[in-house]
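Trainee: One predicted model, sequence on top.
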Amino acid sequence: KPMEGRITDIGPKHYDQFYPEVIKKNKGKWSHHEILEPGVLVHVAESGDEVFTVRCGGARLMSSTHIQEICDIADKHCDGRLRFTTRNNIEFMVDSKDKVEALKADLAQRKFPGGSYKFPIGGTGAGISNIVHTQGWIHCHTPATDASGTVKATMDEVFSDFQDHRLPAKLKISMACCLNMCGAVHCSDIAILGYHRKPPILDHEYLDKVCEVPLAVASCPTAAIKPAKVELPSGETVNSVAVRNERCMYCGNCYTMCPSMPLSDAEGDGIVLMAGGKVSNRISAPKFSKVVVAFLPNETPRWPSMTKTINKMIEEYAKGARKYERFGDWAERIGWERFFDVCELDFTHHLIDDFRDAAYQSWRQTTQFKF
Ligand code: SF4
Ligand code: SF4
């Protein structure tokens, strides 16, 4: 028998049970919204009701005590309700302006022992929101770089733009730690992508014992893997696989299926930077990000070359773009050649993308084409 309030006995309750009263009352009948200051929004309903939202950056990993504290804040100020955005921001909502100041003051005084904010307010409008990112070295099997480390190092550098609206338009930064890409690097203004540069290592001795050879063969998107009989140093012949290295694009799919095909490599792994993507249809059509830095090594723990390059791109964008112009629109207007020049990036043949697919050149992809 389904549990009370659920359609089945698995999963959460229906989301409409969690709406704040004012949202339940005005659902589908909103008139407009405004950003009052960095991190604070107001949504006004046709009825005249208002909802004030205070947005805070969420932590990359949250302990149960931290989540308890978030719930306590929601209980104290917001009738026990809150929401998380797709960029891991936490939004606390109240139904009157008087309650906003008390909420902001409460959030601002909650600090870690070192003095840094637990709940920094910001992430709205013409600034930088939280970085959407993937799992990294601790939690996934195919990363070519870390997510926690790169995101923390970047966010520390650009934090003032999380709390400010000085940029020409919003600037979305994303991170994915391999090109299987659980993040949003294909469509972000600036993106950090972990990249392997070496094909998988083949552990012939164990491969047949821990993997299904047909599954390993089928896992490869470029058909680089084929079955092979291999003679071990002991003289024994075993079933294994062979990889045509020139076909390998270092995606790590085979390792997902077969733990005897690892491809992590301290020298081969690192970071690619991409830029100019967006999902928005505002002003210009959505765009894919383009590779602008072909490779940077994993300089743990703070990735200084990466953060320096990202900072330079942001500063040039802040200086050169027109109001409301997204990063890619700016680069296209001044010309990508000039973009490489002003951002002091080297252009190499690795950056030339010759990918062609009719589907990506169709007007169906955009609402900008209004016939
Ligand atoms: Fe794992 Fe790749 Fe996703 Fe990172 S991007 S979490 S390595 S699949
Ligand atoms: Fe194929 Fe990707 Fe494995 Fe290379 S890393 S062999 S492309 S599945």
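Mentor: Done, it's in. Ligands and ions are numbered 1, 2, ... in the order given.

Trainee: so who does the residue of the stretch 251-371 of the chain found nearest ligand 1 touch?
Mentor: Nearest to ligand 1 in the stretch 251-371 of the chain, going by C-beta to the nearest ligand atom, is G252, at a distance of 6.9 Å. Where C-beta positions appear, they are placed from N, C-alpha and C, glycine not excepted. G252 makes contact with H141, T142, A144, C178, L179, N180, H196, P200, L263 under the criterion C-beta atoms under 8 Å, 6 or more residues apart in numbering.

Trainee: Contact residues of the stretch 101-250 of the chain facing ligand 1?
Mentor: Contact residues, the stretch 101-250 of the chain versus ligand 1 (C-beta under 6 Å from any ligand atom): T134, Q135, C140, T142, P143, A176, C177, C178, N180, M181, C182.

Trainee: what's around the fifth one, how many residues?
Mentor: This means P143. 22 (other C-beta atoms under 10 Å).

Trainee: Distance check, it against K111.
Mentor: Computed as C-beta to C-beta, to the nearest Å, the P143 to K111 distance reads 31 Å.

Trainee: Break down the stretch 1-150 of the chain into its helices, ranges please.
Mentor: Assigned by DSSP state H, counting those that start in this stretch, the stretch 1-150 of the chain shows helices spanning 21-26, 64-77, 97-109, 147-162.

Trainee: buried sites along the second one?
Mentor: Put plainly, it is helix 64-77. Under the neighbour-count criterion of 16 or more other C-beta atoms under 10 Å, helix 64-77 has I70, I73, A74, H77 buried.

Trainee: Not counting sequence-adjacent ones, nearest residue to the last one?
Mentor: With sequence-adjacent residues excluded and distances taken as C-beta to C-beta, 6 or more residues apart in numbering, H77 is closest to L103, at 4.6 Å.

Trainee: Quickly note the distance from the one you found to V44.
Mentor: 19 Å.

Trainee: So which of these two has more stuff around it?
Mentor: Using other C-beta under 10 Å, the more surrounded residue of L103 and V44 is L103, with 21 against 15.

Trainee: need the residues of this structure near ligand 2, please.
Mentor: Checking the chain against ligand 2 by C-beta under 6 Å from any ligand atom, the hits are 199-200, 219-220, 222, 224-225, 243, 248-254, 263.

Trainee: Filter these down to the buried ones.
Mentor: 199-200, 219-220, 224-225, 243, 248, 250-254, 263.

Trainee: Looking at the buried residues of helix 64-77, which is nearest ligand 1?
Mentor: I70 (24.2 Å).

Trainee: Report the beta-bridge partner residues of the residue most central in space within the chain.
Mentor: The chain has V132 as the residue nearest its centroid, 2.7 Å off, counting by C-alpha atoms, centre = their mean. Note on V132: beta-bridge partners S174, judged by DSSP bridges.

Trainee: Pretty sure it sits against T85.
Mentor: No. With contact defined as C-beta atoms under 8 Å, V132 and T85 do not form a contacting pair (9.5 Å).

Trainee: check which helix or strand covers R302.
Mentor: Assigned by DSSP states H and E, R302 belongs to neither a helix nor a strand.
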